[in-house]
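Undergrad: I need the structure of the sequence given here:
(one chain, ligands or ions: 1)
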Amino acid sequence: MRIPIVAGNWKMNGSASFANEMCQQINAFAADLDVEVVLSPPSVYLAQVQLAAENYSTAAQNVHFAAAGAYTGEVSTAMLRDVGCGYVLIGHSERRAMFAEIQEVLAKKLAAAVEAKLLPILCVGETLEQRQQGQAFAVVKQQLLSAISGLDITADQIVVAYEPIWAIGTGETASPEQAQEMHSYIRTVLAEQISVAMAAKTRILYGGSVNAETASQLFSQPDIDGGLVGGASLKIEDFKNICSAAASQ
Ligand code: PGA
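TA: Numbers count the residues shown, from 1 in each chain. From the prediction side, this is the model:
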(Lines give C-alpha, C1' and ligand atoms only; values in the text may rest on other atoms or scores of the structure.)
Protein backbone atom coordinates (compact mmCIF):
# COMPACT_ATOMS: atom_id res chain seq x y z
CA MET A 1 0.00 0.00 0.00
CA ARG A 2 2.88 2.43 0.69
CA ILE A 3 5.37 2.57 -2.19
CA PRO A 4 8.84 2.57 -0.63
CA ILE A 5 11.34 5.35 -1.21
CA VAL A 6 15.10 5.07 -1.21
CA ALA A 7 16.72 8.49 -1.18
CA GLY A 8 20.46 8.94 -1.63
CA ASN A 9 21.74 11.98 0.24
CA TRP A 10 25.11 12.81 -1.29
CA LYS A 11 25.66 15.61 1.24
CA MET A 12 28.64 17.75 0.09
CA ASN A 13 30.15 15.02 -2.08
CA GLY A 14 30.40 14.27 -5.78
CA SER A 15 31.27 16.08 -8.98
CA ALA A 16 29.68 16.65 -12.39
CA SER A 17 31.21 13.45 -13.74
CA PHE A 18 30.18 11.43 -10.67
CA ALA A 19 26.64 12.76 -11.09
CA ASN A 20 26.64 11.84 -14.75
CA GLU A 21 27.73 8.27 -14.08
CA MET A 22 25.23 7.89 -11.24
CA CYS A 23 22.32 9.17 -13.36
CA GLN A 24 23.06 6.73 -16.17
CA GLN A 25 23.43 3.78 -13.84
CA ILE A 26 20.30 4.55 -11.85
CA ASN A 27 18.19 5.18 -14.95
CA ALA A 28 19.15 1.76 -16.29
CA PHE A 29 18.80 0.01 -12.95
CA ALA A 30 15.58 1.55 -11.65
CA ALA A 31 13.50 1.07 -14.81
CA ASP A 32 11.26 -1.71 -13.50
CA LEU A 33 11.86 -1.32 -9.81
CA ASP A 34 8.86 -1.04 -7.50
CA VAL A 35 10.44 1.69 -5.44
CA GLU A 36 10.76 5.45 -5.78
CA VAL A 37 14.45 6.22 -6.12
CA VAL A 38 15.41 9.76 -5.17
CA LEU A 39 18.84 11.35 -5.66
CA SER A 40 19.82 14.30 -3.53
CA PRO A 41 22.98 15.89 -4.93
CA PRO A 42 24.55 19.18 -3.84
CA SER A 43 22.46 22.06 -5.21
CA VAL A 44 24.88 22.97 -8.02
CA TYR A 45 24.27 19.55 -9.59
CA LEU A 46 20.53 19.39 -8.98
CA ALA A 47 19.47 20.67 -12.42
CA GLN A 48 21.94 18.37 -14.16
CA VAL A 49 20.75 15.31 -12.23
CA GLN A 50 17.10 16.23 -12.74
CA LEU A 51 17.57 16.80 -16.50
CA ALA A 52 18.97 13.30 -16.85
CA ALA A 53 16.20 11.70 -14.78
CA GLU A 54 14.16 8.93 -16.36
CA ASN A 55 13.55 6.53 -13.53
CA TYR A 56 14.26 8.53 -10.42
CA SER A 57 13.36 11.86 -8.84
CA THR A 58 15.53 14.47 -7.19
CA ALA A 59 15.58 16.08 -3.78
CA ALA A 60 17.21 19.32 -2.75
CA GLN A 61 19.21 19.12 0.47
CA ASN A 62 17.88 22.45 1.67
CA VAL A 63 15.56 25.31 0.72
CA HIS A 64 14.71 28.79 1.98
CA PHE A 65 11.17 29.60 3.08
CA ALA A 66 10.98 33.05 1.46
CA ALA A 67 9.66 33.39 -2.09
CA ALA A 68 12.56 35.52 -3.37
CA GLY A 69 14.78 38.38 -2.35
CA ALA A 70 18.01 39.34 -0.63
CA TYR A 71 19.00 35.94 0.82
CA THR A 72 22.53 35.40 -0.46
CA GLY A 73 23.39 31.76 -0.91
CA GLU A 74 19.85 30.44 -0.65
CA VAL A 75 17.42 28.84 -3.13
CA SER A 76 13.64 29.08 -3.11
CA THR A 77 10.93 26.47 -3.51
CA ALA A 78 9.98 28.03 -6.87
CA MET A 79 13.54 27.62 -8.13
CA LEU A 80 13.54 23.98 -7.13
CA ARG A 81 10.22 23.43 -8.91
CA ASP A 82 11.56 25.35 -11.89
CA VAL A 83 14.35 22.81 -12.45
CA GLY A 84 11.94 19.90 -11.94
CA CYS A 85 13.00 18.92 -8.44
CA GLY A 86 10.26 17.05 -6.57
CA TYR A 87 11.51 16.62 -3.02
CA VAL A 88 13.41 18.57 -0.40
CA LEU A 89 15.14 17.40 2.77
CA ILE A 90 14.05 19.46 5.75
CA GLY A 91 15.62 19.40 9.18
CA HIS A 92 18.52 17.07 8.51
CA SER A 93 20.43 16.78 11.77
CA GLU A 94 23.56 18.21 10.16
CA ARG A 95 21.64 21.35 9.25
CA ARG A 96 20.09 21.55 12.69
CA ALA A 97 23.44 21.12 14.42
CA MET A 98 25.90 22.87 12.11
CA PHE A 99 23.78 25.57 10.50
CA ALA A 100 21.68 26.54 13.47
CA GLU A 101 18.37 25.56 11.88
CA ILE A 102 15.97 26.02 14.72
CA GLN A 103 12.49 24.53 14.84
CA GLU A 104 10.69 27.78 13.96
CA VAL A 105 12.72 28.01 10.76
CA LEU A 106 12.12 24.37 9.93
CA ALA A 107 8.37 24.79 10.38
CA LYS A 108 8.44 27.70 7.90
CA LYS A 109 10.47 25.66 5.42
CA LEU A 110 8.07 22.76 5.70
CA ALA A 111 5.06 25.00 5.14
CA ALA A 112 6.75 26.67 2.14
CA ALA A 113 7.57 23.28 0.61
CA VAL A 114 4.01 22.00 1.04
CA GLU A 115 2.63 25.22 -0.41
CA ALA A 116 4.93 24.90 -3.44
CA LYS A 117 3.97 21.23 -3.94
CA LEU A 118 7.48 20.05 -3.21
CA LEU A 119 7.45 16.87 -1.16
CA PRO A 120 9.35 17.51 2.07
CA ILE A 121 11.33 14.69 3.66
CA LEU A 122 11.20 15.82 7.27
CA CYS A 123 14.13 14.43 9.26
CA VAL A 124 13.78 13.77 12.97
CA GLY A 125 15.95 11.91 15.45
CA GLU A 126 17.53 11.94 18.87
CA THR A 127 21.14 12.14 20.05
CA LEU A 128 22.81 9.27 21.87
CA GLU A 129 22.61 11.16 25.12
CA GLN A 130 18.88 11.73 24.69
CA ARG A 131 18.37 8.02 23.98
CA GLN A 132 20.41 7.00 27.01
CA GLN A 133 18.34 9.32 29.16
CA GLY A 134 15.11 7.79 27.91
CA GLN A 135 14.10 10.92 26.01
CA ALA A 136 14.18 9.57 22.44
CA PHE A 137 10.42 9.36 21.99
CA ALA A 138 9.73 12.75 23.55
CA VAL A 139 12.40 14.43 21.41
CA VAL A 140 11.13 12.92 18.18
CA LYS A 141 7.54 13.80 19.03
CA GLN A 142 8.51 17.36 19.77
CA GLN A 143 10.48 17.71 16.51
CA LEU A 144 7.58 16.28 14.56
CA LEU A 145 4.88 18.38 16.18
CA SER A 146 6.81 21.63 16.01
CA ALA A 147 7.22 21.10 12.26
CA ILE A 148 3.70 20.01 11.34
CA SER A 149 1.40 21.68 13.84
CA GLY A 150 -0.96 24.07 12.16
CA LEU A 151 -0.55 22.33 8.81
CA ASP A 152 -3.43 20.43 7.33
CA ILE A 153 -1.46 17.86 5.38
CA THR A 154 -2.27 14.60 3.68
CA ALA A 155 -0.02 11.57 3.35
CA ASP A 156 1.04 12.54 -0.15
CA GLN A 157 2.33 15.91 1.07
CA ILE A 158 5.01 14.71 3.48
CA VAL A 159 7.58 11.98 4.03
CA VAL A 160 9.15 11.51 7.44
CA ALA A 161 12.69 10.20 7.94
CA TYR A 162 13.70 8.86 11.33
CA GLU A 163 17.43 9.39 11.63
CA PRO A 164 18.88 8.73 15.07
CA ILE A 165 21.86 11.08 15.23
CA TRP A 166 24.04 8.45 16.87
CA ALA A 167 23.64 6.27 13.78
CA ILE A 168 24.45 8.88 11.13
CA GLY A 169 27.81 8.32 9.49
CA THR A 170 28.97 6.27 12.47
CA GLY A 171 28.60 2.80 11.00
CA GLU A 172 26.27 2.05 13.89
CA THR A 173 22.76 1.27 12.66
CA ALA A 174 19.72 1.22 14.89
CA SER A 175 18.59 -2.39 15.25
CA PRO A 176 15.52 -3.25 13.17
CA GLU A 177 13.56 -3.51 16.45
CA GLN A 178 14.72 -0.10 17.70
CA ALA A 179 13.88 1.51 14.36
CA GLN A 180 10.50 -0.24 14.10
CA GLU A 181 9.58 0.88 17.61
CA MET A 182 10.23 4.52 16.73
CA HIS A 183 8.56 4.31 13.32
CA SER A 184 5.44 2.86 14.87
CA TYR A 185 5.52 5.65 17.47
CA ILE A 186 5.85 8.30 14.72
CA ARG A 187 2.78 6.82 13.05
CA THR A 188 0.90 7.06 16.35
CA VAL A 189 1.86 10.72 16.72
CA LEU A 190 0.70 11.44 13.14
CA ALA A 191 -2.57 9.62 13.85
CA GLU A 192 -3.19 11.72 16.98
CA GLN A 193 -2.18 14.97 15.36
CA ILE A 194 -3.69 14.56 11.90
CA SER A 195 -5.68 11.37 11.29
CA VAL A 196 -5.45 7.62 11.44
CA ALA A 197 -5.87 7.41 7.66
CA MET A 198 -3.10 9.93 7.04
CA ALA A 199 -0.76 8.13 9.45
CA ALA A 200 -1.41 4.77 7.80
CA LYS A 201 -0.50 6.11 4.36
CA THR A 202 2.55 8.27 5.22
CA ARG A 203 5.94 6.94 4.17
CA ILE A 204 8.40 6.83 7.06
CA LEU A 205 12.02 6.23 6.04
CA TYR A 206 14.88 5.08 8.22
CA GLY A 207 18.28 6.77 7.96
CA GLY A 208 21.56 6.23 9.77
CA SER A 209 24.33 4.01 8.37
CA VAL A 210 21.99 2.01 6.15
CA ASN A 211 24.11 -0.28 4.03
CA ALA A 212 23.67 -3.19 1.66
CA GLU A 213 23.86 -5.66 4.58
CA THR A 214 21.43 -4.00 6.98
CA ALA A 215 18.89 -2.69 4.47
CA SER A 216 16.67 -5.72 4.02
CA GLN A 217 16.17 -6.41 7.72
CA LEU A 218 15.35 -2.77 8.34
CA PHE A 219 13.01 -2.47 5.37
CA SER A 220 11.16 -5.67 6.28
CA GLN A 221 9.84 -4.03 9.45
CA PRO A 222 6.15 -3.19 9.07
CA ASP A 223 6.48 0.57 9.60
CA ILE A 224 9.71 1.17 7.68
CA ASP A 225 9.01 2.33 4.13
CA GLY A 226 12.53 2.66 2.75
CA GLY A 227 15.59 4.64 3.64
CA LEU A 228 17.47 7.90 3.56
CA VAL A 229 20.98 6.81 2.74
CA GLY A 230 24.14 8.90 3.11
CA GLY A 231 27.54 7.25 2.75
CA ALA A 232 26.31 4.13 0.94
CA SER A 233 24.50 6.23 -1.68
CA LEU A 234 27.89 7.28 -3.06
CA LYS A 235 28.78 3.69 -3.88
CA ILE A 236 26.73 2.68 -6.86
CA GLU A 237 26.60 -1.07 -6.21
CA ASP A 238 25.72 -0.59 -2.55
CA PHE A 239 23.03 1.92 -3.45
CA LYS A 240 21.53 -0.44 -6.04
CA ASN A 241 21.47 -3.26 -3.49
CA ILE A 242 19.71 -1.01 -0.99
CA CYS A 243 17.12 -0.05 -3.62
CA SER A 244 16.59 -3.73 -4.46
CA ALA A 245 16.14 -4.53 -0.78
CA ALA A 246 13.36 -1.94 -0.53
CA ALA A 247 11.69 -3.18 -3.71
CA SER A 248 11.63 -6.79 -2.60
CA GLN A 249 9.70 -6.17 0.63
P1 PGA B 1 24.63 7.83 6.63
O2 PGA B 1 23.83 9.21 6.50
O3 PGA B 1 23.86 6.81 5.81
O4 PGA B 1 25.99 8.12 6.06
O5 PGA B 1 24.66 7.47 8.06
C6 PGA B 1 22.44 9.24 6.53
C7 PGA B 1 21.95 10.66 6.49
O8 PGA B 1 22.60 11.52 7.06
O9 PGA B 1 20.92 10.94 5.85
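Undergrad: Please make it C-alpha for all contacts and neighbour counts, starting now.
TA: OK.
Undergrad: now the residue sitting furthest away from the middle of the chain: how far from the ligand?
TA: Relative to the C-alpha centroid of the chain, counting by C-alpha atoms, centre = their mean, Ala70 is the outermost residue, at 27.9 Å. Using C-alpha to the nearest ligand atom, to the nearest Å, one gets 29 Å for the distance from Ala70 to the ligand.
Undergrad: do the same with Val49
TA: 19 Å.
Undergrad: In this structure that residue contacts Ala60, no?
TA: No - with contacts counted by C-alpha atoms under 8 Å, Val49 stays clear of Ala60, the gap being 10.9 Å.
Undergrad: quick one: pLDDT of the residue farthest from the centre of the chain?
TA: pLDDT recorded at Ala70 is 98.
Undergrad: Return the residues of this structure in contact with the ligand.
TA: 9, 167-169, 207-210, 228-231 (C-alpha under 6 Å from any ligand atom).
Undergrad: can you redo those residues as a markdown table with neighbour count?
TA: Below are these laid out as a markdown table (neighbours: other C-alpha atoms under 10 Å):
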| residue | neighbour count |
| --- | --- |
| Asn9 | 24 |
| Ala167 | 19 |
| Ile168 | 20 |
| Gly169 | 16 |
| Gly207 | 30 |
| Gly208 | 25 |
| Ser209 | 25 |
| Val210 | 28 |
| Leu228 | 28 |
| Val229 | 28 |
| Gly230 | 22 |
| Gly231 | 21 |
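Undergrad: pLDDT check: weakest of those residues?
TA: Gly169 (88).
Undergrad: What confidence value was assigned to the nearest residue to Ala52 once chain neighbours are set aside?
TA: In this structure, Ala52 finds its nearest non-sequential neighbour in Cys23, 6.4 Å apart by C-alpha to C-alpha, 6 or more residues apart in numbering. Looking at Cys23, its pLDDT stands at 98.
Undergrad: can you give me phi and psi for Cys23?
TA: Main-chain torsions, Cys23, degrees, to the nearest 10: phi -60, psi -50.
Undergrad: Look at stretch 143-155 and report the distance between its end residues.
TA: 18 Å (C-alpha to C-alpha, to the nearest Å).
Undergrad: Was I right to think Val139 contacts Glu129?
TA: No - the pair Val139 and Glu129 does not pass the contact test of C-alpha under 8 Å, sitting 11.3 Å apart.
Undergrad: the more surrounded of the two?
TA: Val139 (17 against 12; other C-alpha atoms under 10 Å).
Undergrad: My reading is that Asp156 lies in a helix. Confirm?
TA: Yes - assessed with DSSP: H, G, I helix; E, B strand; the rest coil, Asp156 lies in a helix.
Undergrad: Check whether it really touches Ala199, as I assumed.
TA: No - distance between Asp156 and Ala199: 10.7 Å, which falls outside the contact criterion (C-alpha under 8 Å).
Undergrad: between these two, who's got more neighbours?
TA: Ranked by neighbour count (other C-alpha under 10 Å), Asp156 and Ala199 place Ala199 first, with 21 against 14.
Undergrad: tell me what the helix or strand containing the more buried one is packed against?
TA: Per DSSP states H and E, Ala199 falls inside helix 196-201. In terms of contacts (3 or more C-alpha pairs under 8 Å, 6 or more residues apart in numbering; DSSP states H and E), helix 196-201 is packed against helix 176-193.
Undergrad: Outside of the helix it packs on itself, list whatever touches it.
TA: Around helix 176-193, the neighbours that count as contacts under C-alpha atoms under 8 Å, 6 or more residues apart in numbering are 137, 140-141, 145, 149, 162, 196-200, 202, 204, 206, 217-218, 221-224.
Undergrad: mind listing what's buried in that helix?
TA: Under the neighbour-count criterion of 16 or more other C-alpha atoms under 10 Å, helix 176-193 has 176, 179-180, 182-190, 193 buried.
Undergrad: Kind regards, and thank you for your time.
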